[in-house]
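Engineer: What follows is a protein structure lacking sequence information:
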């Protein structure tokens, strides 16, 4: 088992042990936000026919080649198309068919002249300037060409993609099943939200915060609940979680000095330790184990440490289990708008909010940065990555970090 | 009724006619993504007590004032706290109580010394350097102070906020009800996704795309279906929609030249027209009416025109109905990475993808920009706003636009 590893090594160990769950077919309307499990190639052109983008007259461009205001081209109207109808006749030299926005271009025609650009009189139209072949005709396949890759395996399904798949006739979509994520909290000092808060007790924020995050991410949270600070209680909770979920997340009990119920419980559950302690703050006491291909991750019980370690180490696992091709958060640079004078002997992550100002990415720290402060994670969408050995950070400096919005 | 108005005027008319729907209480775990309907002020400190952030010994800082390696301060251990327990004794001069991470600071103590920084022998500890009063003590209210505004009416509820509300003991949360958005498509050329595609027909992408977008936005889509291109069919669909939904969105039938079933149907339904035609491309044929405080918005039937007009004009309405305080998309600047040489005689919106590169916001156009092309909306999170009269746009130029990610 490795100890004191870098965040990147922890991410790599964890994600290499996580593989997408099963596949299922869901109806088109249920597919929004899910991750597609198969490449989809267009089986046909969309639209499937050449059409008119405006109200006008379909004609042969050659008939208008010599048209000018003194000698307009005169064409006989041989048919008028109501909306949604197909021409019964073909356009022949010297003739035209009146079309509407969206009409199929009648056989024989190779251009459309705008309604406003002609004079119609006695079943004839007069055109005063030449049209090029193809003018005002939208070609079949303008939106999607037959054979085109329209949906890539491993990407989330957005509403425009739902529209694209609808236009190709897909009523069901192959997606990965939602991973089930069990959440266990530990600690004798933890009470549930409905309980009275006697001295020394804390309400269980980790359970609800992390379960809510799983929901936001499209995973299925399984709330196991709080286990007492004894290895037997935690072992029982882990066994239950392993029987119900694809991934197990435990908060608390990982850095309680002499007694360390989570480490003991992981051993008792027969799981193999993957690593222990990560060189970052907050979140350093993180540990991970594996049993029957299911990862068990232990996080600090301190709310902000738990959530930040969850963002940086658990979310990539959930995304990989969900089938995401890009399961890592993007790392970007931004200009920090406030100072942070506390030196960082070890690598530190600061909570910030990214925004764009005058074309520049900027980040503002969201508040107190202590391990126990959850409130400064509200509105946080960026974690500033402060390398070990950094001194004071001044406003206006460029910083790197993880963009944690999805 | 106004015609040919600016996008901003259309947005203003629409949103000023949209007010948040009712309120309801939902359980904490169901509240994620919902919009909070009342300010929430902390009724207590979180945590409610002074605590130790580490394993160590609680003491009186004054007892260590003269400590040095030659003359260490010696304190008697009078109690050892198991996790989650409260001290029975008080710390008096010359004594100490062993505490654990998260322990309540015992009465009398005003500092904690780290476990690693002392020598423990025969129920005594030796300390070699002075501690300041307050050292290693996390104050009550470190995370949240009693009286602090923790959740603001009109903002969406994120998972960290769920954690904050859990820590304050909220098991239910007041939120706005989800607005119901009816979607009607029109057009004789439209068939449903399961039907055969005979010549000249198109599958109904608008219905599924816009319904999916409502879901992504946290609204409840009500799929009314496709109405034939006749005023009676559309009138019937609008009547049904008005009886079921808070907002009615119709695509198609707004620019079909001579016959214009949506305009007629709106009149027949007894709705008052608000405006018709907006000076932008795509999306210019947009119209809006109101009946019994419910807005009816008619969009182009062309997929990209419908979706872009939906993003820019319908989404702010849905957000306002949902209770959002900030219901408008942010407008930002970015550097465009490709050229767009087609001139823009009228105001034009281009589909792009925003990303951050080396601290700079950049936008890359996502593909074909024609009104009928839906596929280039996949991955689009930014609409470049090209003012009327703009000529060619070159790569590297700064552009403005709407950031349409939520």
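Structural biologist: Perfect, thanks for sending it. Just so you know, these numbers come straight off a predicted model, no measurement behind them.
Engineer: how about residue A:344, what does it touch?
Structural biologist: A:281, A:386, A:387, A:388, A:389, A:390, A:391 (C-beta atoms under 8 Å, 6 or more residues apart in numbering or on different chains). (Glycine included, C-beta is placed from N, CA and C.)
Engineer: Skipping adjacent residues, who's closest to the last one in space?
Structural biologist: Which is residue A:391. residue A:343 (5.1 Å; C-beta to C-beta, 6 or more residues apart in numbering or on different chains).
Engineer: isn't the one you found right next to residue A:387, touching?
Structural biologist: No: using C-beta atoms under 8 Å, residue A:343 is not in contact with residue A:387, being 11.7 Å away.
Engineer: Now go through the contacts of residue A:344 and say which are in strands.
Structural biologist: Those of those mapping onto strands are residue A:386, per DSSP state E.
Engineer: What's the ChimeraX line that selects buried ones from the contacts of residue A:344?
Structural biologist: In ChimeraX syntax, the buried subset of the contacts of residue A:344 is picked out as below (16 or more other C-beta atoms under 10 Å in any protein chain shown):
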select /A:281,386,390
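Engineer: for the contacts of residue A:344, which one is nearest residue A:115?
Structural biologist: residue A:386 (64.7 Å; C-beta to C-beta).
Engineer: Does that closest one touch residue A:369 like I think?
Structural biologist: No: with contact defined as C-beta under 8 Å, residue A:386 does not reach residue A:369; the gap is 10.2 Å.
Engineer: ranges for the strands of the stretch 151-300 of chain A?
Structural biologist: Assigned by DSSP state E, counting those that start in this stretch, the stretch 151-300 of chain A shows strands spanning A:172-176, A:180-186, A:190-191, A:202-203, A:220-227, A:247-251, A:272-278, A:287-291, A:294-299.
Engineer: With mean neighbour count as extra columns, can I get these in a markdown table?
Structural biologist: Below are the strands of the stretch 151-300 of chain A laid out as a markdown table (neighbours: other C-beta atoms under 10 Å in any protein chain shown):
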| stretch | mean neighbour count |
| --- | --- |
| strand A:172-176 | 20 |
| strand A:180-186 | 26 |
| strand A:190-191 | 21 |
| strand A:202-203 | 24 |
| strand A:220-227 | 20 |
| strand A:247-251 | 28 |
| strand A:272-278 | 18 |
| strand A:287-291 | 22 |
| strand A:294-299 | 26 |
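Engineer: Just put these in CSV and tack on mean pLDDT and distance to chain B.
Structural biologist: Shown next, in CSV, are the strands of the stretch 151-300 of chain A (pLDDT from 0 to 100; distance: least, C-beta to the nearest C-beta, whole Å):
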stretch, mean pLDDT, distance to chain B
strand A:172-176, 97, 10
strand A:180-186, 97, 10
strand A:190-191, 93, 8
strand A:202-203, 94, 5
strand A:220-227, 97, 8
strand A:247-251, 97, 11
strand A:272-278, 96, 15
strand A:287-291, 97, 16
strand A:294-299, 98, 13
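Engineer: now for those strands, which one comes closest to residue B:314?
Structural biologist: Nearest to residue B:314, of all these, is strand A:172-176, at 24.5 Å by C-beta to C-beta.
Engineer: and the residue of the stretch 301-406 of chain A found nearest chain B, what does it touch?
Structural biologist: In the stretch 301-406 of chain A, the residue that lies nearest chain B is residue A:377 (3.7 Å; C-beta to the nearest C-beta). Counting by C-beta under 8 Å, 6+ apart, residue A:377 touches A:304, A:307, A:308, A:351, A:366, B:160, B:163.
Engineer: Next one: the last one from residue A:241, what distance?
Structural biologist: Distance check for residue B:163 against residue A:241: by C-beta to C-beta, to the nearest Å, it reads 20 Å.
Engineer: Looking at those two, which one has more neighbours?
Structural biologist: Taking other C-beta atoms under 10 Å in any protein chain shown, residue B:163 and residue A:241 do not tie; residue B:163 has more neighbours (31 against 23).
Engineer: how is chain A carved up into domains?
Structural biologist: Chain A breaks down into these domains under automatic domain parsing: A:2-21+A:178-321, A:25-46+A:147-176, A:56-127, A:331-403.
Engineer: what about these, which gets the closest to residue B:268?
Structural biologist: Nearest of these (C-beta to C-beta): domain A:56-127, 18.9 Å.
Engineer: gap between the two ends of the closest one?
Structural biologist: 12 Å (C-alpha to C-alpha, to the nearest Å).
Engineer: Against residue A:351, how distant is the closest residue in space to residue A:123 that isn't next to it in sequence?
Structural biologist: Here the nearest residue to residue A:123 in space, its sequence neighbours aside, is residue A:77; by C-beta to C-beta, 6+ apart that works out to 4.9 Å. Taking C-beta to C-beta as the criterion, residue A:77 is separated from residue A:351 by 70 Å.
Engineer: got it, and residue A:265?
Structural biologist: From residue A:265 to residue A:351 the distance is 30 Å (C-beta to C-beta).
Engineer: can you put the strands of the stretch 151-300 of chain A in JSON lines and add distance to residue A:339?
Structural biologist: Shown next, in JSON lines, are these (distance: least, C-beta to C-beta, whole Å):
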{"stretch": "strand A:172-176", "distance to residue A:339": "44"}
{"stretch": "strand A:180-186", "distance to residue A:339": "35"}
{"stretch": "strand A:190-191", "distance to residue A:339": "35"}
{"stretch": "strand A:202-203", "distance to residue A:339": "31"}
{"stretch": "strand A:220-227", "distance to residue A:339": "38"}
{"stretch": "strand A:247-251", "distance to residue A:339": "31"}
{"stretch": "strand A:272-278", "distance to residue A:339": "27"}
{"stretch": "strand A:287-291", "distance to residue A:339": "34"}
{"stretch": "strand A:294-299", "distance to residue A:339": "29"}
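Engineer: Could you list which residues are in contact with the nearest residue to residue A:252 once chain neighbours are set aside?
Structural biologist: In this structure, residue A:252 finds its nearest non-sequential neighbour in residue A:301, 2.9 Å apart by C-beta to C-beta, 6+ apart. Residues near residue A:301 by C-beta under 8 Å, 6+ apart: A:185, A:186, A:187, A:206, A:251, A:252, A:253, A:254, B:102.
Engineer: The first one against residue A:223, yeah?
Structural biologist: Meaning residue A:185. No: applying C-beta under 8 Å as the test, residue A:185 and residue A:223 come out as separate, 9.4 Å apart.
Engineer: show me the residues around the nearest residue to the residue of the stretch 301-406 of chain A closest to chain B once chain neighbours are set aside that make contact.
Structural biologist: Nearest non-adjacent residue to residue A:377, counting by C-beta to C-beta, 6+ apart: residue B:160, 3.7 Å away. Residue B:160 makes contact with A:209, A:307, A:374, A:375, A:377, A:378, A:380, according to C-beta under 8 Å, 6+ apart.
Engineer: cool, and residue A:21?
Structural biologist: Counting by C-beta under 8 Å, 6+ apart, residue A:21 makes contact with A:176, A:177, A:178, A:179, A:246, A:321, A:322, A:323.
Engineer: now swap in residue A:170 and tell me
Structural biologist: Counted by C-beta under 8 Å, 6+ apart, residue A:170 has contacts A:28, A:40, B:193.
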